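Novice: Just to be clear, the model below is a prediction. Sequence and coordinates:
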Amino acid sequence: MFLREIIKMSERIQNHNQYPFDIPSIKLLDRLSFRKNVTFFVGENGSGKSTLLEAIAYQCGFNTAGGGRNNQYELSASEAKLGDFIRLSWMPKVTNGFFMRAESFYNFASYIDELAIEDPRIYQNYGGKSLHEQSHGESFLTLFKNRFGQKGIYLLDEPEAALSPKRQLSFISIIHELQKSGQVIIATHSPLLLAYPHAEIYNFNEGPIQLIKYEDTEHYQITRRFLENKHFYLNELID
């Protein structure tokens with residue numbers, strides 16, 4: 001494990017009522033510790049989990065549009081507004097890794113295609129062909145299997161977005177292999193990924209960011225209740 005702690009530098013913030021500092025989880029953030037090689041961020045959309053993950057990527061020197069330190073391309077709305085207001089505590093510090101954003105993955109794939117025009121060998125790092133020539137789910141898994149794996153820190157924002165339930169289960173195996181030499185922090189809505197047993201889960205939903213057990217997450221509870229009583233929920237929603 002490399003990243004030990006995040007410290008919010010509140011003294012630098014001029015307006016705590018301005019986005020993203022007014023997000024409840026961010027507003028109440030002081031320090032956040034990491035004790036496992038795999039950490040999940042969970043919470044509703046807008047709860048701050050992706051905002052914090054993007055800020056970590058910024059401090060790591062990764063492209064906040066998605067990629068590593070050497071992937072230089074621009075994408076609007078990829079700025080990390082929280083990035084200048086946190087400090088990362090390392091032991092030891094690593095510079096290798098990757099920030100994967102599901103919402104901007106198309107742009108990253110297009111960037112790789114542009115590089116391949118001058119040097120087609122770059123596809124060797126992505127399964128031997130353009131990511132655009134693979135299905136969305138295949139391209140995700142290709143990235144995970146070929147670009148990941150070195151010693152480093154890997155930040156993944158909703159990697160389940162293009163993965164079927166079956167492929168999410170396959171991805172759990174990838175997480176397990178990756179954590180043997182790297183550190184993984186994942187923002188997710190997937191109850192399947194959250195089931196990975198050797199991880200800690202931080203809940204961004206209610207006030208301060210706090211650790212939560214898998215069985216206490218809304219993702220697990222809602223999924224379980226729905227599967228156990230599908231007709232009741234459907235009648236409530238549709239009738």
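Specialist: Right, received. Where do you want to start? Just so it is clear, the model here is predicted, and its values are computed rather than measured.

Novice: Flag the shaky bits of this structure, pLDDT-wise.
Specialist: Scanning the chain for pLDDT under 70 picks out the ranges 68-80, 103-104, 106, 147, 149.

Novice: dump the residue contacts of Ile174.
Specialist: Contact partners of Ile174, counting by CB atoms under 8 Å, 6 or more residues apart in numbering, are 141, 144-145, 148. In short, each C-beta sits where N, CA and C put it, glycine included.

Novice: Can you tell me the element it falls in?
Specialist: Using DSSP states H and E, Ile174 sits in helix 165-178.

Novice: and if you look at Ser25?
Specialist: Using DSSP H and E, Ser25 falls in helix 24-27.

Novice: so what does that helix touch, helix or strand wise?
Specialist: In terms of contacts (3 or more CB pairs under 8 Å, 6 or more residues apart in numbering; DSSP states H and E), helix 24-27 is packed against helix 49-60.

Novice: to the chain's geometric centre, what's the distance from the helix it packs on?
Specialist: 9 Å (CA atoms, centre = their mean, to the nearest Å).

Novice: after it, next one along is what?
Specialist: Next along from helix 49-60, by DSSP H and E: strand 86-90.

Novice: list the buried ones in that following strand?
Specialist: 86, 88 (16 or more other CB atoms under 10 Å).

Novice: Buried by neighbour count: which residues of the helix holding Ile174 qualify?
Specialist: Those would be 167-168, 171, 174-175, 178, for helix 165-178 by 16+ other CB under 10 Å.

Novice: Next: stretch 109-123.
Specialist: So for stretch 109-123, counting by 16+ other CB under 10 Å, buried means 109, 111-113, 123.
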